[in-house]
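Chemist: Provide a 3D model corresponding to the input given below.
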Amino acid sequence: FSYSLFYQMSRITHDRGALKHDDRLEAVAGAVAYWVEQMALDGAVEAERHRAEALEAEFEKFAEDCLGFKSKKEVGTFCS
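Modeler: As a prediction, this is how the structure comes out:
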């Protein structure tokens with residue numbers, strides 16, 4: 001019964017050695033840490049993608065407004 005995950009979760013304390021067996025609790029903690037790290041990485045990648053898209057849109061707007069280019073496809077020619 002002391003090997004049960006819920007038994008281990010309900011009896012954990014800050015005291016060292018409070019649980020005779022904590023293997024299942026450690027496995028869950030490891031899985032949670034893994035997924036927290038994975039979700040944080042995905043968020044960072046998505047934030048960088050959004051920043052790059054916004055920067056590209058700003059460059060296109062600058063090229064159109066200040067330099068007279070209509071789009072990325074026409075960067076080499078001036079528009080009238």
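Chemist: show me what counts as buried in stretch 13-28.
Modeler: Judged by neighbour count (16 or more other CB atoms under 10 Å), stretch 13-28 contains these buried residues: Leu19, Asp22, Leu25. Using the backbone N, CA and C atoms, a C-beta is placed for each residue, glycine as well.
Chemist: what's the lowest-mean-pLDDT helix or strand in the chain packed up against?
Modeler: When each helix and strand of the chain is scored by mean pLDDT, DSSP states H and E, helix 5-10 comes last, with a mean of 80. Counting contacts by 3 or more CB pairs under 8 Å, 6 or more residues apart in numbering; DSSP states H and E, helix 5-10 packs against helix 23-62.
Chemist: what packs against the helix it packs on?
Modeler: helix 5-10.
Chemist: and the helix it packs on, C-alpha only, in CSV?
Modeler: The C-alpha trace of helix 5-10 is given here as CSV (Å, rounded to 0.1, in the frame of the first residue of the first chain):
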residue,chain,number,x,y,z
LEU,A,5,1.0,7.1,-5.9
PHE,A,6,-1.9,8.6,-4.0
TYR,A,7,-0.7,7.2,-0.7
GLN,A,8,2.7,8.8,-1.4
MET,A,9,1.1,12.1,-2.5
SER,A,10,-1.1,12.4,0.6
